[in-house]
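Student: have a look at this prediction, sequence included:
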Amino acid sequence: MVKKISEVHFRIMGIQDLPLVQELDKISFHNPWPEGAFKYELLESHNSLCWVAEIEEDYQPLVVASIIIWLIVDEAHVATLAVNPDYRSRGIGRRLMATALLDAYQKGARKSLLEARQSNQYALHLYYGFGFEMVGIRPGYYPDNHEDALLLTLDPLDPEKLTQLTAV
């Protein structure tokens, strides 16, 4: 079912978002992150950027997408990006990722990398639209079915292009 949305807000994740973020992860992936992982990234890791996309539904805020980026020296490693299935293909994931990568750039990241399932054509379409390029394969990376992961990099991060990608 395609749900009508008005404005999407992008903001840093808060502790109040954890239940919805964990639920979003469970409905988005075959292998969701373990219980407590998002809490660790949010409260204990000093190298994690945690963002959400939020809409208002029935006069209540609703988190419809989340992203975690790990800052490692000058790299922004996209650890996870999830968009609620009811809100996909609307540019929310693109805008959230661009917003988070801009944040990473402002904190010193100059390139980005990530792994993506070889079969996840929606994600690959998004990443290639950013300019990510495949630089390798991680054989049997995913434990549920031993599917290979494609290793993608975006080098360099271009703040002007990222700014354009945040636009509606």
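Tutor: Now that the structure is in, tell me what you want to look at.

Student: could you look up the SS state of the nearest residue to residue 13 once chain neighbours are set aside?
Tutor: In space, and not counting its chain neighbours, residue 13 is closest to residue 50: 3.8 Å by CB to CB, 6 or more residues apart in numbering. No exception for glycine: its C-beta is placed from N, CA and C like everyone else's. Recorded secondary structure, residue 50: strand (DSSP: H, G, I helix; E, B strand; the rest coil).

Student: do the same with residue 19
Tutor: Put simply, residue 19 is helix when judged by three-state DSSP.

Student: pLDDT score assigned to it?
Tutor: What the model reports for residue 19 is a pLDDT of 96.

Student: that one: how many residues sit nearby?
Tutor: 11 (other CB atoms under 10 Å).

Student: mind checking how far it is from residue 168?
Tutor: Distance, residue 19 to residue 168, using CB to CB, to the nearest Å: 28 Å.

Student: quick one: contacts for residue 41?
Tutor: Applying CB atoms under 8 Å, 6 or more residues apart in numbering to residue 41 gives the contacts 48, 50, 68, 79.

Student: quick one: which of those residues is most hemmed in?
Tutor: residue 68 (24 neighbours).

Student: give me the element the closest residue to it other than its chain neighbours is part of.
Tutor: Leaving aside its chain neighbours, residue 68 sits nearest to residue 79 (4.4 Å; criterion: CB to CB, 6+ apart). According to DSSP states H and E, residue 79 maps onto strand 75-83.

Student: if anything else comes up later, I'll come back, but that's it for now.
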